[in-house]
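Student: Need a 3D model of the following:
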Amino acid sequence: MQVSTRCIQLKMKRGISLALRLLVTMAILAVVFRSVNLGHVVSHLLGIELLTIGLLLFFFLLENLAKVFNWRQLLKSMLDTPVRFVRVLCANLAGGFLGTVVPSSAGTDAVRVFYSRRLLGGHVGSHAASIVALNLLNWSSGAVMGLAVLTWLTLRGGYGLSGPILSLFVLLSGVALAFPGMYMLLRYRRHWLVWGLRRIPKRGHRVRRGVRKFVTALRVFERAHVSFPNVALVSTGCVLFQGLAWCAVGSSTGSDVPMALWLLMVPVSGIANVVPLSFIGLGFNQAVHFSVLAIFGVPAAEAVAVSTVMVLGSTLYAVSLGSIAFAASSRLRLVDSTA
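Tutor: Presented below is the predicted three-dimensional model:
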């Protein structure tokens with residue numbers, strides 16, 4: 001009876017939390033769209049050609065293939081078993097498909113961990129570590145490129161070092177240092193973690209074992225067959241591909257801004273995606289895109305139009321290819337079970 005009551009209370013709390021997030025998301029969208037002329041936004045949206053949408057989806061495809069290539073490299077080392085590219089691709093796409101209704105990129109990555117564990121086997125801690133390492137690498141690469149672009153815009157673009165731009169410098173610097181900082185901490189201060197694990201009660205053995213697996217897997221670059229420069233290079237390619245997608249959409253709206261600005265939107269968008277205040281990609285993202293583009297003089301209607309196309313294009317990509325991978329993933333698991 002007590003267990004049943006606790007389950008009901010837990011479901012109620014989750015329901016209330018979801019309802020509150022949806023309300024906040026709708027409020028954010030209302031503020032953004034009330035700040036612009038909707039007629040101008042619609043005009044920009046109608047002016048986008050099918051070729052632009054095709055380019056957008058093509059660059060998304062290249063970005064995701066590069067991410068899957070890197071994810072496979074990490075998984076091969078962490079699992080110490082053969083890892084087929086098609087299975088990692090299915091896990092990535094199927095997770096993205098189900099993640100379209102999850103209010104955060106962190107939730108989407110949790111789904112990807114579930115699918116990679118299901119299709120490849122191994123300990124869930126290793127799969128979680130691979131996703132964390134992959135994301136930190138992509139964020140660090142994007143932040144480093146964003147800092148370079150921001151420096152160029154400040155020095156050569158005539159935007160000056162205003163308060164919002166300085167805030168972007170601080171934010172991107174923190175993200176750029178996230179991966180090397182965490183890696184150095186695990187390498188040279190691992191005894192802190194060991195001290196903490198020893199204080200977990202004996203009944204928490206599974207938790208302790210999972211954390212240990214997770215941390216061990218994160219030290220993947222200490223193994224000879226994983227090259228950090230190669231992985232970092234592919235991560236930079238991911239940033240460039242998404243930056244080209246932003247450029248394609250931004251150019252189609254006639255925005256008269258330096259092309260490099262769209263590369264800055266890659267790390268900005270990645271950071272915004274972590275905040276769980278969106279529905280099918282719409283919400284907090286639009287507010288961040290709108291605010292950052294406004295700093296560099298992009299008209300409000302154009303900023304909202306570009307942001308909306310990027311978000312809906314990402315959702316279209318995830319649903320179209322992800323639904324196929326979702327259907328194929330069950331077949332891949334069936335092959336394993338009958339082998």
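
Student: Packing partners of the lengthiest helix in the chain?
Tutor: Longest helix of the chain, by residue count under DSSP state H: helix 300-338. Applying 3 or more CB pairs under 8 Å, 6 or more residues apart in numbering; DSSP states H and E, one finds that helix 300-338 contacts helix 38-46, helix 50-79, helix 85-98, helix 105-120, helix 228-252, strand 282-283, helix 284-295. For glycine as for every other residue, the C-beta is placed from the backbone atoms N, C-alpha and C.

Student: want to throw those into a markdown table with distance to residue 151?
Tutor: Formatted as a markdown table, the helices and strands packed on helix 300-338 follow (distance: least, CB to CB, whole Å):
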| stretch | distance to residue 151 |
| --- | --- |
| helix 38-46 | 30 |
| helix 50-79 | 24 |
| helix 85-98 | 33 |
| helix 105-120 | 27 |
| helix 228-252 | 16 |
| strand 282-283 | 30 |
| helix 284-295 | 15 |
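
Student: Let me have the ones you listed in JSON lines, extended by mean pLDDT, mean neighbour count and distance to residue 170.
Tutor: Formatted as JSON lines, the helices and strands packed on helix 300-338 follow (pLDDT from 0 to 100; neighbours: other CB atoms under 10 Å; distance: least, CB to CB, whole Å):
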{"stretch": "helix 38-46", "mean pLDDT": "83", "mean neighbour count": "14", "distance to residue 170": "31"}
{"stretch": "helix 50-79", "mean pLDDT": "90", "mean neighbour count": "19", "distance to residue 170": "27"}
{"stretch": "helix 85-98", "mean pLDDT": "89", "mean neighbour count": "23", "distance to residue 170": "31"}
{"stretch": "helix 105-120", "mean pLDDT": "85", "mean neighbour count": "20", "distance to residue 170": "22"}
{"stretch": "helix 228-252", "mean pLDDT": "88", "mean neighbour count": "20", "distance to residue 170": "20"}
{"stretch": "strand 282-283", "mean pLDDT": "80", "mean neighbour count": "22", "distance to residue 170": "24"}
{"stretch": "helix 284-295", "mean pLDDT": "87", "mean neighbour count": "20", "distance to residue 170": "14"}
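
Student: what about the ones you listed, which gets the closest to residue 314?
Tutor: The closest of these to residue 314 is helix 50-79. By CB to CB, the value is 6.6 Å.

Student: which stretches of the stretch 151-300 of the chain form strands?
Tutor: Secondary structure of the stretch 151-300 of the chain (DSSP state E, counting those that start in this stretch): strands at 278-279, 282-283.
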